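Chemist: only geometry, no sequence info:
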């Protein structure tokens, strides 16, 4: 029985879809939200005199031998944090840093298949500057891009492209304000926005030349397979600039057949980041050129599967089960939910 540990938050429908496949295949699995550590769960690592190491996870449901895990899936894990009862800000910051450092070590130290990769690899692959650099090396076309905190450099870029540019955040696509989450989309700055360009000196921004779109593509790489779905965002005023402003218009999504060399390039980009999964955004221009935008190591895909029938959940389950059994111990399915 293969042992799969799924790290994710409660209510994750993507995890549920894959777990359904694991159950159908009689695979052993456990689900754990790292945000439960250390308040409602404990992680332990013990070192013997001979150098052997034992790693365990425990909570009210019982204990789990982490060294018996064959594959671990970093789906959408919450981050560890201090107990709400601790109100001293210095103590809270210290606990947050200590728990996150320790838990990151534990997950990355496991001798098992990690999907989409180790936390270290995921962090590096999430950096958009690194993505653009690697994409160029691998032969992808990329939009002319400027990343800067220099207002004059931004204005020069604006002038050079006749104002036909988009801006996007360097890192997080969403931010939390007073307990509410707000999405940050790619935007086309208007001329009136230039009056605030001096504020760029406080925070760097990504600016890219606008790329004409025939359709946009979400390419989901799972192992050595590339699943491409085209998104006809230009049919929707709501999603024209950024398809992530979801539109449920019928016929907006369709399976796309990538040229073999482009599919291989997508798989290679994911592999070069030491990942085995990644959700990539491309543009197909009216001239038939494929242009790379970015990759999300933990990108969503379930709505595309629902719209097109593309079998990504099965592929993720296949990947998680590709690790050979390493121990006779069985995981109690769902014990750490």
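Modeler: Everything's here; your move. Given the structure is predicted, the values throughout are model-derived calculations rather than measurements.
Chemist: give me the mean pLDDT for the longest helix out of those in the chain.
Modeler: In the chain, with assignment by DSSP state H, the single longest helix is helix 89-109. Summarised as a single mean, pLDDT over helix 89-109 is 97.
Chemist: who does the helix or strand following that helix pair up with?
Modeler: Note on helix 89-109: by DSSP states H and E, the next helix or strand toward the C-terminus is strand 113-115. With DSSP bridges as the test, strand 113-115 is paired with strand 71-76 (parallel).
Chemist: and for the closest residue to residue 308 other than its chain neighbours, the neighbour number?
Modeler: Nearest residue to residue 308, sequence neighbours excluded (C-beta to C-beta, 6 or more residues apart in numbering): residue 255, at 5.1 Å. C-beta here means a position set from N, CA and C on the backbone, and glycine is covered the same way. By the criterion of other C-beta atoms under 10 Å, residue 255 has 13 neighbours.
Chemist: from residue 19, how far off is residue 277?
Modeler: 16 Å (C-beta to C-beta, to the nearest Å).
Chemist: meant to ask about residue 296
Modeler: For residue 296, the distance to residue 19 - C-beta to C-beta - is 21 Å.
Chemist: who has more neighbours, the two?
Modeler: residue 19 (25 against 18).
Chemist: how far does stretch 81-101 sit from the chain's center?
Modeler: Relative to its parent chain, stretch 81-101 has a centroid offset of 25 Å by C-alpha atoms, centre = their mean, to the nearest Å.
Chemist: whoops, I mixed them up, stretch 72-80
Modeler: Distance, stretch centre to chain centre, for stretch 72-80: 10 Å (C-alpha atoms, centre = their mean).
Chemist: and that stretch, how far apart are its ends?
Modeler: Using C-alpha to C-alpha, to the nearest Å, one end of stretch 72-80 lies 17 Å from the other.
Chemist: buried sites along it?
Modeler: Residues of stretch 72-80 classed as buried: 72, 73, 74, 75, 76, 77, 80 (neighbour count, 16 or more other C-beta atoms under 10 Å).
Chemist: can you list the weak-confidence ranges in the stretch 101-250 of the chain?
Modeler: 172-187, 190-193, 235-250 (pLDDT under 70).
Chemist: which residues touch residue 289?
Modeler: By C-beta atoms under 8 Å, 6 or more residues apart in numbering, the contact list for residue 289 reads residue 141.
Chemist: show me the helices in the stretch 1-150 of the chain, by range?
Modeler: Assigned by DSSP state H, counting those that start in this stretch, the helices in the stretch 1-150 of the chain fall at 13-24, 89-109, 119-125, 128-137.
Chemist: good, wrapping up.
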